[in-house]
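> Fold the following.
(one chain, ligands or ions: 1)
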Amino acid sequence: MDIKKVLVADAVDKACVDLLKENNIEVDCKYKLPKQQLIEEIQNYDGIIVRSDTKVTADVIEAGSRLKVIGRAGAGVDNIDINAASSKNVLVLNTPGGNAISACELTCALITNLARNVYPGAESLKQGKWDRKLYTGHELYGKTLAIIGLGRIGKEVAIRMQSWGMKTIGFDPIISAEEAATFNVNHMSLEEIWPLADYITVHTPLIPQTRNLINKKVFDTCKKGVRVVNVARGGIISEEDLLAALKDGRCGGAGLDVYEQEPPTNPITLEIIKHPKVVATPHLGASTGEAQIRVAVEVAEQFVALTEKSKVYTSVTGVVNQAVYKNLKLK
Ligand SMILES: NC(=O)c1ccc[n+]([C@@H]2O[C@H](COP(=O)([O-])OP(=O)(O)OC[C@H]3O[C@@H](n4cnc5c(N)ncnc54)[C@H](O)[C@@H]3O)[C@@H](O)[C@H]2O)c1
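Modelled structure (predicted):
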């Protein structure tokens with residue numbers, strides 16, 4: 001692929017730009033361009049690299065007369081119109097593995113926080129209070145953690161929380177019971193899972209099958225006081241049903257990093273965030289120095305590999321629209 005000039009449209013770690021330049025690819029960094037300006041600018045580039053802020057919509061792709069590749073430094077590609085890209089033969093790449101450990105570690109931090117009331121306890125002490133009884137928690141040892149989605153992050157969460165003595169059960173439509181057993185997760189149907197879970201953590205993409213996966217019916221079926229964690233995508237847990245369950249005690253606490261709308265402005269989400277039994281972070285799953293460098297380097301390596309001019313970087317990973325890639329290879 002002939003990639004002469006790339007636009008880095010979101011603040012990706014400098015390592016990305018350095019690697020592209022070292023491999024003779026011209027780079028411009030222009031962050032958070034207003035849409036109209038992006039539509040004008042995109043005509044000058046063979047590739048664009050984004051994180052999650054810049055929306056690569058159909059009209060942006062349409063305007064990119066020489067655009068060949070869109071790189072997402074990170075996992076989710078919700079900000080890229082994949083269909084529009086595919087219909088214009090524009091390749092879309094992401095770097096899903098690069099931030100898996102960081103997202104996993106935040107998940108584990110939220111689970112442990114919920115169990116021991118670390119956040120509300122610390123907050124009350126900062127306010128000069130000494131409320132020890134109010135923040136009595138529970139041990140995770142012997143409790144059951146249900147992991148919905150046993151891909152990269154779900155698997156890592158299982159391995160780490162087992163070291164706390166948690167029993168791990170889970171569901172994933174493409175991971176077999178045998179494979180789940182290799183990392184000590186007991187694969188079950190969702191119906192079997194709900195009544196057993198003390199904690200539920202979701203690690204699926206947001207797709208029609210997973211939208212509102214955790215809903216009123218699930219809260220009705222689970223043990224009273226079940227805790228839920230979402231470091232995947234807003235919308236997998238129904239916010240309306242979660243708020244109702246927090247209010248009447250069917251849900252005993254929630255650890256949330258992602259929301260139906262980000263930044264959140266709708267009243268239900270804001271009420272959830274302020275709820276005393278909720279620990280909420282502003283989409284920090286991938287926000288570690290290590291993950292940011294990893295995804296920046298990975299996306300640059302993919303671009304360089306596509307040019308087929310490097311002896312070091314030769315493998316194109318993270319292809320989102322495989323059909324476009326296959327076409328490319330046939331040419
Ligand atoms: N909070 C953050 O900053 C952050 C960072 C990284 C990843 N993420 C998100 O975390 C999620 C998981 O990422 P990953 O890298 O582990 O993805 P992955 O593709 O490795 O794993 C996802 C798994 O979900 C499974 N799945 C699909 N539909 C399902 C269903 N209906 N029920 C149960 N499982 C289902 C898939 O089979 C797959 O194994 C994604 O939504 C990703 O965007 C968030």
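
> Just give the closest residue to the closest residue to the ligand within the chain, not the sequence neighbours.
Nearest residue of the chain to the ligand: residue 151, at 1.8 Å (CB to the nearest ligand atom). From N, CA and C alone the C-beta is placed, and that goes for glycine too. Counting by CB to CB, 6 or more residues apart in numbering, residue 203 is the residue found nearest to residue 151 once chain neighbours are left out, at 6.4 Å.

> thinking again about what came up before, in contact with the residue of the chain closest to the ligand: list those residues for me.
Going by CB atoms under 8 Å, 6 or more residues apart in numbering, residue 151 touches 172, 175, 203-204.

> May I ask you to name the longest helix in this structure?
helix 289-307 (DSSP state H).

> which secondary structure elements does the following helix or strand past that helix contact?
Next along the chain after helix 289-307, taking DSSP states H and E as the criterion, comes helix 322-330. Packing partners of helix 322-330 (3 or more CB pairs under 8 Å, 6 or more residues apart in numbering; DSSP states H and E): helix 82-87, strand 91-94.

> Need the CA coordinates for helix 322-330. CSV is fine.
Output of helix 322-330 as CSV, limited to C-alpha atoms (Å, rounded to 0.1, in the frame of the first residue of the first chain):
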residue,chain,number,x,y,z
GLN,A,322,-11.1,-8.5,6.5
ALA,A,323,-12.8,-8.4,3.1
VAL,A,324,-11.0,-5.2,2.2
TYR,A,325,-7.7,-6.7,3.3
LYS,A,326,-8.3,-9.8,1.2
ASN,A,327,-9.1,-7.6,-1.9
LEU,A,328,-5.9,-5.7,-1.2
LYS,A,329,-3.8,-8.8,-1.2
LEU,A,330,-5.4,-10.1,-4.4
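
> The helices and strands packed on helix 322-330 into CSV, with extra columns for mean pLDDT?
Compiled in CSV, these are given as follows (pLDDT from 0 to 100):
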stretch, mean pLDDT
helix 82-87, 96
strand 91-94, 96
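
> Need the winner for burial among those.
Burial of the helices and strands packed on helix 322-330 is given as mean neighbour count (mean count of other CB atoms under 10 Å); strand 91-94 ranks first at a mean of 24.

> In the protein, which residue is most central in space?
Nearest to the mean C-alpha position of the chain, by CA atoms, centre = their mean, lies residue 232 at 4.5 Å.

> Quick one: residues contacting the residue nearest to residue 151.
Applying CB under 8 Å, 6+ apart, one finds that residue 203 lies in contact with 107, 147-151, 153-154, 157, 231-232.

> Residue 212 now?
235-238, 241.

> now do 6 Å
Each residue near residue 212 by CB atoms under 6 Å, 6 or more residues apart in numbering is listed here: residue 238.
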